[in-house]
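Asks: below is the structure, and that's it, no one-letter string:
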């Protein structure tokens, strides 16, 4: 997934995922503006394999994370990015199984589908435990993400996962000790805040039982 070439920055054109806006408003008598993005809501699932006591996570290339590793002077429109200077591995993240809400299904059913497509486990929707919903990207989009917890067994594994269509997703397994080391590393953690929220929820509510 790190075989990335021909990286060029272009202006945003018509998108089915992002809609940019500028909000004009008056606050306390002062006129202000704020740039915003309208994006899909989403689901995220903490998946724990109780057969082998490992968390089931996903690894993928995220263009936005890669962009964040590129200096402002090299991000100019139509500029070809030097992938030797900026290795594509800079944009590879470890995340919870997740997906956008773009189907006429319940959130639980969407979460169940994401587990099957990305991680390869076929689970009943009733096995998903609702953790809660929260706003993500409050400075730009404030979409709602709903988090679930799901326990799986090796017997539920029906495919290698990896996503659908042109997605390139790798399934990653981490023990409780592995994940503790990952989230407390001194380097920048290349995972989103929702990942950290989910992992710390797991460490607080589920990991003590695993270690007993």
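Replies: Received, thanks. Just so it is clear, the model here is predicted, and its values are computed rather than measured.
Asks: contacts for the top helix by length along the chain next, please.
Replies: Counting residues, the longest helix found in the chain (DSSP state H) is helix 193-205. Contact partners of helix 193-205, identified using CB atoms under 8 Å, 6 or more residues apart in numbering, comprise 44, 46, 48, 55, 94-96, 98, 131, 134, 136, 145, 147, 149, 176, 179-180, 183, 189. Backbone N, C-alpha and C define where each C-beta goes, glycine included.
Asks: please report the distance of residue 48 from residue 199.
Replies: For residue 48, the distance to residue 199 equals 11 Å [CB to CB, to the nearest Å].
Asks: counting neighbours, go ahead and name the busier of these two.
Replies: residue 199 (23 against 19; other CB atoms under 10 Å).
Asks: and stretch 194-211, how far from the chain's centre?
Replies: Averaging C-alpha positions (CA atoms, centre = their mean, to the nearest Å) puts stretch 194-211 17 Å from its chain's average.
Asks: buried residues in that stretch?
Replies: 194, 195, 197, 198, 199, 201, 202, 206, 207 (16 or more other CB atoms under 10 Å).
Asks: same deal with stretch 174-193?
Replies: Neighbour-count burial for stretch 174-193, counted by 16+ other CB under 10 Å, picks out 174, 176, 179, 182, 189, 190, 191, 192.
Asks: rewinding a little: who touches both of residue 48 and residue 199?
Replies: Joint contacts of residue 48 and residue 199 (CB under 8 Å, 6+ apart) are residue 55.
Asks: quick check: closest non-adjacent residue to residue 69.
Replies: Excluding the flanking residues, the one nearest residue 69 by CB to CB, 6 or more residues apart in numbering is residue 90, at 3.9 Å.
Asks: which residues touch the one you found?
Replies: Counting by CB under 8 Å, 6+ apart, residue 90 makes contact with 65, 66, 69.
Asks: what's the spacing between the last one and residue 93?
Replies: For residue 69, the distance to residue 93 (CB to CB) stands at 12 Å.
Asks: again with the first one
Replies: Applying CB to CB, the value for residue 65 to residue 93 is 6 Å.
Asks: who touches both of the two?
Replies: Contact criterion CB under 8 Å, 6+ apart; residues shared by residue 65 and residue 93: residue 190.
Asks: just to check, residue 143 is in contact with residue 42?
Replies: Yes - applying CB atoms under 8 Å, one finds residue 143 in contact with residue 42, separated by 6.6 Å.
Asks: between those two, who's got more neighbours?
Replies: Shown here are residue 143 and residue 42; by other CB under 10 Å, residue 42 has more neighbours (21 against 17).
Asks: which residues sit in contact with the more buried one?
Replies: 98, 99, 100, 101, 136, 143, 144, 145, 146.
Asks: ok, the residue lying closest to the third one once chain neighbours are set aside - how many residues close by?
Replies: Translated: residue 100. Excluding the flanking residues, the one nearest residue 100 by CB to CB, 6+ apart is residue 40, at 3.9 Å. Residue 40 has 14 neighbours, counted by other CB under 10 Å.
Asks: what about the helices in this structure?
Replies: Under DSSP H, the chain gives helices at 63-68, 107-114, 176-183, 193-205, 207-210.
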